[in-house]
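In: this one's sequence-less:
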């Protein structure tokens with residue numbers, strides 16, 4: 001009887017020992033939602049006088065990590081606003097000229113000259129959002145975003 005109980009005890013202990021290093025065992029690996037398995041690149045947003053911001057709306061999945069670039073060509077001083085969108089995401093970092101910024105929040109972005117900015121974020125709150133050039137009314141000056 002003791003040998004049967006010992007065998008059952010060892011059989012139960014083996015899976016526990018395999019997890020003893022404390023590493024999370026989920027679908028994304030050790031880095032969780034920030035792992036490369038949960039990352040997607042979005043098409044760039046273009047800030048150029050008279051040009052569309054993007055070719056198509058974005059449809060995002062809540063809990064997924066995304067990266068995109070904003071490319072300003074310097075043709076005009078242009079900004080992007082979208083405070084509701086920025087409150088519906090968690091911004092991991094903003095990279096400008098190889099400088100990483102880790103903000104607690106964001107309301108808008110402005111380009112005075114030509115340049116590129118990269119934003120990495122996790123989509124959080126499902127809903128309908130947008131990024132747009134402030135004061136513009138044209139459809140091409142607005143990027144519609146859906147978080148599912």
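Out: That came in fine, so what should we check first? If you're wondering where the values come from, they're calculated on a predicted model, not measured in any experiment.

In: Could you check the pLDDT of the residue most central in space within the chain?
Out: For the chain, the residue lying nearest the average C-alpha position, counting by C-alpha atoms, centre = their mean, turns out to be residue 121 (2.5 Å). Predicted confidence (pLDDT) for residue 121: 97.

In: ok, it touching residue 66?
Out: Yes: A contact is recorded between residue 121 and residue 66 when judged using C-beta atoms under 8 Å, the distance being 5.8 Å. Backbone N, C-alpha and C define where each C-beta goes, glycine included.

In: mind listing the helices for this structure?
Out: Listed from the start of the chain, the chain has helices (DSSP state H) covering 2-18, 83-87.

In: Compare the mean pLDDT across the ones you listed and name the weakest.
Out: Least confidently modelled of the helices of the chain is helix 2-18, at a mean of 49 by mean pLDDT.

In: Pull the number of nearby residues for the closest residue to residue 133 other than its chain neighbours.
Out: For residue 133, the nearest residue in space outside its immediate sequence neighbours is residue 141; the separation is 4.5 Å by C-beta to C-beta, 6 or more residues apart in numbering. Residues near residue 141, counting by other C-beta atoms under 10 Å, number 19.

In: Done for today, thanks.
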